Structures are given as C-alpha cells and as structure tokens.
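Q: predicted structure and sequence below. I'll ask about it afterward.
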Amino acid sequence: MRAWSLGMAVALLAGSFSAWASLGGDAASVAADQRQMNAALRSTSAPQYTQFEFQTPSGTRVREYLSPAGVVFAVVWNGPSLPDLRQLLGRYFAQYVEANAEGAGAGPRLIAQPGLIVYAGGHMRAFMGRALVPDLVPKGVSLEEIR
C-alpha cells in the first residue's frame, strides 16, 4: 500500500512541473524563480559559475549555481521554512522522493546516487540542504564551494 501511495504522489507531482530555474534548468528561468518565491535576488560571479541568491519574505535563502554553459548544477537552501523542493529539484524531484522513501527514520538525509546528490536536514525554523548533479558541475569547482 505504501509503495502504491508513493507512486501516486510522485506521478501527481511530476505532472505539475513548471519552467522555473531548477536543478538542471537554464538561466532564462532565474527571474521566474524570483517571482515564484517572491524573493529579493542578488548574484555573484566566480570564474566557473554564477551564484544567484534569493531571500524569501520568511527569511529562507536559496542559492542556485549556474555553469558557464547556462545550466543550474546545484541548489542550496537554509532558513526558517522549507522551500518548495519540487520547484528547486525540478526533473530530479521524483528521483529524490523515490530515494528518500527507501530510507526510514528521522534526521538528516544523504542521498548519493548516480546523477544526484542531496543532503537535507534541520528542524522547525532551521532547515538546510544541498542538491547537485555531479555530471553538471563545471571542472575546477569543488563541492566545498557549493554552500
């Protein structure tokens, strides 16, 4: 029964994706994310990527890392409220939900699969996480830079 319920949830959520900037998305949708989150936006550039940081009215910060090829290769969040992970993970959300359901228990979660790494944890008023697609990370960018 649990597997059926999970399958239905994933199917319903997968059908409702939008063109937001999300993991694996492109640069043209960053402004759409800003509008969707009703957030202030600022950006900083590094040699191998551009970092876009959104701050929502609730105080949650979301950072999206855009490669020189124009692809979002990582997203990071922290703050008092959990952001819409369906929005942030985009086409990787179903893979995240499936992998997350395989483990049981509370506490921080590390999902390390081919093609997707997600760390998510926290508690009420203090959520944090990081998701990235290893194959999309530009050469020369260390995982420590993505925070």
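A: Structure received. Numbers count the residues shown, from 1 in each chain.
Q: how about residue 45, what does it touch?
A: residue 51 (CB atoms under 8 Å, 6 or more residues apart in numbering). Yep, even glycine has a C-beta here, placed from its N, CA and C like the rest.
Q: look at it and report its pLDDT.
A: Here the pLDDT value assigned to residue 45 is 93.
Q: likewise the one 3 residues further on?
A: Confidence per residue is given as pLDDT, and for residue 48 that number is 95.
Q: how about it: what's its closest non-neighbour residue?
A: Taking CB to CB, 6 or more residues apart in numbering as the measure, residue 48 lies nearest to residue 138, with 4.3 Å between them; neighbours along the chain are not counted.
Q: that neighbour against residue 73, yeah?
A: Yes. Contact status for residue 138 versus residue 73: in contact at 7.0 Å, counting by CB atoms under 8 Å.
Q: could I get the full set of strands for this protein?
A: Under the criterion DSSP state E, the chain carries strands at the ranges 40-46, 49-55, 61-66, 72-79, 109-113, 116-123, 126-132.
Q: if we compare those strands, which one ends up closest to residue 30?
A: Shortest separation from residue 30 across the strands of the chain is recorded for strand 49-55, at 5.4 Å, computed as CB to CB.
Q: quick one on the thing from earlier: in a markdown table: the strands of the chain, plus distance to residue 24.
A: Conversion of the strands of the chain to a markdown table gives the following (distance: least, CB to CB, whole Å):
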| stretch | distance to residue 24 |
| --- | --- |
| strand 40-46 | 19 |
| strand 49-55 | 15 |
| strand 61-66 | 11 |
| strand 72-79 | 6 |
| strand 109-113 | 14 |
| strand 116-123 | 10 |
| strand 126-132 | 10 |
